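**Q** Mind looking at a prediction? Sequence and model below.
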Amino acid sequence: MKNVVVYCLVFIFLSAGLSSCTDEKETLSFASISDYAPLSIGKYITYRVDSLVFTNFGRNIEIHKYQMRHVVDAQFTDGMGRPSYRIIRYISDSTGTNPWQPDGTYYITSLNDQLEVVEDNRRVIKLHQPIRAEFVWRGNRFLPTDPYEPLYNFSNDDAMADWDFRIDGDPTSFTYRGNTYNNVLSIEAIDEAFNIPIINQNVYASRSRSVEKFSKNIGLVYRQHELWEHQPNTGGSGGPYKVGFGITQWMIDRN
């Protein structure tokens, strides 16, 4: 009789445990695309910008400083029938005191699973679901071979379609040039350097760096996109030169 009681108790506990495991379902929830890229007509973000420029046939290095304001101008339907937004860029001097002048447009299409940006006929998937640490996607898969030619004749863009965009860890705070941004999601696209720093001018070198940071309920707050190469030009006249560009921008104002 005693054994029967023991068996019954064991059966009851096992049944309760199995029932508990069956009834308890794990629910995974991720942030939405719109959490990190909110879009509404009239919204703007102002950035300070440092632009890396090679002048004098690539033999001089200059940093051009200015401000740029990105304004959500209108909503429209793109060629695939999807709701999209037109963004107008305005440019001013580095202090923002000169009148704002139009400086071009680009388009953003925010879908449930991804955020696409089309600028200068280059379509890039900036964000992709699920928004979780270490998730990877091919953000440049719509780009053609050598997307920056003929403007830049370098090798940095030879395999851009193969870049792995990666969410670098969980959202965190980020500080740059005295500005602190909270709940920031960092998207790493590439970080490659060859023979950098340049010690020998007669040796080829290159730098490819692309990272963007999005703050929750704000949007893009920081971007570094730098692609250039150093050519020793040992058999030509004029000596070594550089070809490419770089841009670093960070949010200083918004509405």
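**A** Cool, the structure landed. Remember, it's a predicted structure, so these values are computed and weren't measured experimentally.

**Q** for Ser32, what are its contacts?
**A** Neighbour list for Ser32: Asn112, Gln129, Ile131 [criterion: Cβ atoms under 8 Å, 6 or more residues apart in numbering]. Yep, even glycine has a C-beta here, placed from its N, CA and C like the rest.

**Q** what's the burial count for Ile41?
**A** Ile41 is flanked by 11 other residues according to other Cβ atoms under 10 Å.

**Q** ok but it is inside a helix, no?
**A** No. Ile41: not assigned to a helix; according to DSSP: H, G, I helix; E, B strand; the rest coil it is coil.

**Q** let's number from 55 now, not from 1
**A** Renumbered: residue one is now 55, and that last one reads Ile95.

**Q** What's opposite the closest residue to it other than its chain neighbours in the beta bridge?
**A** Leaving out its chain neighbours, the residue that sits closest to Ile95 by Cβ to Cβ, 6 or more residues apart in numbering is Val126, at 5.5 Å. In this entry, Val126 is beta-bridged to Ile141, by DSSP bridges.

**Q** my read: Val126 touches Arg143, true?
**A** No. If you go by Cβ atoms under 8 Å, Val126 and Arg143 don't touch, sitting 11.5 Å apart.

**Q** on that earlier part again, which one of the contacts of Ser86 is nearest Asn287?
**A** Using Cβ to Cβ, Ile185 is the member of the contacts of Ser86 that lies nearest Asn287, at 45.0 Å.

**Q** In this structure the closest one contacts Asp224, no?
**A** No. In terms of Cβ under 8 Å, Ile185 does not count as a neighbour of Asp224; the distance is 10.1 Å.

**Q** in the stretch 155-304 of the chain, which spans are strands?
**A** Ranges of strands within the stretch 155-304 of the chain are 155-164, 168-173, 176-182, 190-191, 219-221, 226-230, 233-248, 259-269, 273-285, 295-308, based on DSSP state E, counting those that start in this stretch.
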